[in-house]
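Got a predicted structure plus its sequence, pasted below:
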Amino acid sequence: MIELADLKEYLKIADNAQDVFLMKCIDFTTERMSAMCGRDLRYGAKYDVIDGREQVLFKLNVFPVEKIIHIHYRDNSSGSGDKRELFDKDLFNGQPPDENLYLNNERGDVYLLNGIFLPAGIKNIQIKYYAGYTVNAPEEINEMPLDLKSVCLTACAEYYLKSRQGEGRLGLSARHRTENGISYQENFKDEDYSSILKRYKDMRV
């Protein structure tokens, strides 16, 4: 959800020696932010497998949604489980999904149109779609919000500084430093991200 170059600029790191570890910091932080929000925040291809109940309305697990690629289903008699290769029937019979559904991109709500509904079954429906947040997103709806980017940058920096690769301040509450003969004391505390992340947790009721 954030780029390596932005994190390095934030941390004022000029060389490439720690790029691999910094990418791990980004991955760890993204997982942590997603867990705190109770949903996947990262942009990419997503696959939802759900029960069909002859419904015309359902919600996607990840949002905001760029687009739906396909909705496939399987005949329960063709096998069991949710293996992707079993989903060989196209709900729209080759027609573009956009012509047969209404998608609320921000909330991930899907309404089927033209008399189409999800056939009944257990874990018999597979939806492939692109959703989540990223920088330089293909669609504006998926562009990383500035407040969320700020949280991720701060959390990444915090994780880095607590590591041995960083300044190793895990467990420290303060540090003394001297500049130009003047002594300073820096006090540390972990950031509280809950107030900002609450918005993303509660975006869909």
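Alright, I've got the coordinates.

Can you list the strands that the top strand by length along the chain pairs with?
Longest strand in the chain, counting residues (DSSP state E): strand 121-131. Strands adjacent to strand 121-131 in the sheet, as given by DSSP bridges, are strand 44-52 (antiparallel), strand 65-73 (antiparallel).

tell me the most buried of these?
Counting by mean count of other CB atoms under 10 Å, strand 65-73 has the highest mean neighbour count of the strands paired with strand 121-131, with a mean of 19. C-beta: built from backbone N, CA, C; applies to glycine.

who touches that strand?
The contact list for strand 65-73 (CB atoms under 8 Å, 6 or more residues apart in numbering) reads 43, 45, 52, 87-92, 97-98, 101, 103, 105, 108, 110, 118-119, 121, 124-131, 137-139, 141-142.

can we see that at 6 Å?
Residues outside strand 65-73 that contact it (CB atoms under 6 Å, 6 or more residues apart in numbering): 87, 89-91, 97, 105, 108, 119, 124-131, 139, 142.

Ok, stretch 128-137 next?
1, 3, 41-43, 45-47, 62-63, 65-70, 142-144.

which residues of this protein fall in strands?
Under DSSP E, the chain gives strands at 44-52, 57-59, 65-73, 89-90, 101-104, 109-112, 121-131, 174-179, 182-187.

ok, now which ones touch residue 100?
Residue 100 is in contact with 92, 113, 114, 116, counting by CB under 6 Å, 6+ apart.

Please report how far the nearest residue to it once chain neighbours are set aside lies from residue 73.
Using CB to CB, 6 or more residues apart in numbering and skipping the chain neighbours, the partner closest in space to residue 100 is residue 92 (4.9 Å). Taking CB to CB, to the nearest Å as the measure, residue 92 falls 11 Å from residue 73.

how far out from the middle of the chain is stretch 45-62?
In terms of CA atoms, centre = their mean, to the nearest Å, the centre of stretch 45-62 is found 18 Å from the chain centre.
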